[in-house]
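# attaching a predicted model along with its sequence, questions to come.
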Amino acid sequence: MDSNKLIKTQQENQSQGNDESTRHLSDILAMKYTQIQQIPSQTINFRSLRQRFGLIQDYYSLPLKFEQLLQTMKTIEWTYWKKQKPIAYEIKTKAFRILQIGQLLKLDQELYQIKIVEKSIQIVPKDILIENLPSFQPFAYQLPSVFESRITKVRSILDQLVQTVHENYLHIINQQNFKEKSLKSKIYYPTFDLNLVPDINQKVQLQQIIENTIQYFNKRTVSFMFYPNLINYLLSKIEMKKDQMEKYIQFLMKVQPDFLQITNQKKEQLKLKWIIQLINKALQKIKFNNWKTYLY
């Protein structure tokens with residue numbers, strides 16, 4: 001066959017789709033969609049992979065809302081290290097930040113000193129002496145140990161909140177034996193959803209204490225009373241242990257001295273001798289409701 005005939009034959013084969021290099025494409029196009037083998041799609045469960053290969057984690061995972069709370073705390077501690085003076089947040093513009101501060105205080109009431117100043121709050125980290133702090137390093141990657149230890153303490157509290165929900169979940173699905181592996185590898189059961197962990201709501205008990213305290217003073221039309229009498233009255237209205245009630249009352253006196261304060265007696269004296277005063281009942285009730293809304 002001469003060269004002209006060979007070229008003509010190849011051209012005819014190509015026009016009919018018979019060229020070896022493209023024949024498989026024609027076959028595929030002629031197939032129905034259902035005839036093409038599909039690879040089943042699977043969602044990869046990364047917790048299951050950690051469980052399968054036994055990777056050890058330093059910490060348990062936290063819900064995003066808890067991670068954000070830790071980040072807020074780190075920002076507060078970093079700002080205090082930098083400025084070394086009280087940090088102020090306006091209620092109107094920093095409502096969400098103040099809400100997070102309230103959540104942190106619910107985890108640990110001794111974390112910050114708080115002062116209400118008109119339409120803002122001022123906070124200072126407790127038990128941190130400015131004179132003992134190292135000089136601020138603008139490009140430092142880590143906070144001084146005194147701050148890091150505080151953050152680690154709060155994280156352990158958050159971890160425990162998640163673990164409580166996780167353990168309850170294991171009990172419900174009858175997988176209690178998984179707990180040992182969970183502790184070893186810092187993992188959750190593959191089907192456990194971190195969104196099951198409830199948010200840190202503000203304490204209803206504290207609001208009840210505030211309202212009952214105001215009612216107690218108004219009912220007696222007095223502004224002074226002995227501290228034990230107030231505690232006993234509140235215990236008769238609110239189901240709570242006495243030591244916890246006392247912590248709440250003293251916390252209120254610290255964060256809002258314009259609402260409740262000790263008068264006529266020094267704080268160093270016995271609690272039995274404390275005389276509690278409610279200040280400007282009508283006006284302070286309105287202001288305190290604003291404080292409750294944003295902080296608790």
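Here it is on my side, so go on.
# helices of the chain, start to end?
Remark: helices assigned in the chain by DSSP state H are 3-15, 23-30, 46-53, 64-83, 95-107, 145-172, 178-185, 204-220, 227-237, 242-255, 281-295.
# the fourth one - contacts with which helices or strands?
Think helix 64-83. Helix 64-83 sits against strand 87-90, helix 95-107, strand 120-125, helix 145-172, with contacts defined as 3 or more Cβ pairs under 8 Å, 6 or more residues apart in numbering; DSSP states H and E. All C-beta atoms are positioned from the backbone trio N, CA, C, and that covers glycine.
# avg pLDDT for it?
Averaged across helix 64-83, the pLDDT comes to 92.
# thinking again about what came up before, will you turn the helices and strands packed on helix 64-83 into TSV that also has mean pLDDT and mean neighbour count?
Shown next, in TSV, are the helices and strands packed on helix 64-83 (pLDDT from 0 to 100; neighbours: other Cβ atoms under 10 Å):
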stretch	mean pLDDT	mean neighbour count
strand 87-90	89	16
helix 95-107	81	19
strand 120-125	88	18
helix 145-172	92	15
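# dump these into a markdown table; add distance to residue 221 as well.
Output for those, formatted as a markdown table (distance: least, Cβ to Cβ, whole Å):
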| stretch | distance to residue 221 |
| --- | --- |
| strand 87-90 | 36 |
| helix 95-107 | 32 |
| strand 120-125 | 31 |
| helix 145-172 | 42 |
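# of all the ones you listed, which one is nearest residue 240?
The minimum distance between residue 240 and the helices and strands packed on helix 64-83 falls on helix 95-107, with 15.0 Å, by Cβ to Cβ.
# in the protein, which ranges drop under the pLDDT threshold?
1-58, 91-92, 95, 201-205, 251, 255-256, 264-265, 267, 280-296 (pLDDT under 70).
# contacting residues for residue 144?
By Cβ atoms under 8 Å, 6 or more residues apart in numbering, the residues touching residue 144 are 81, 133, 134.
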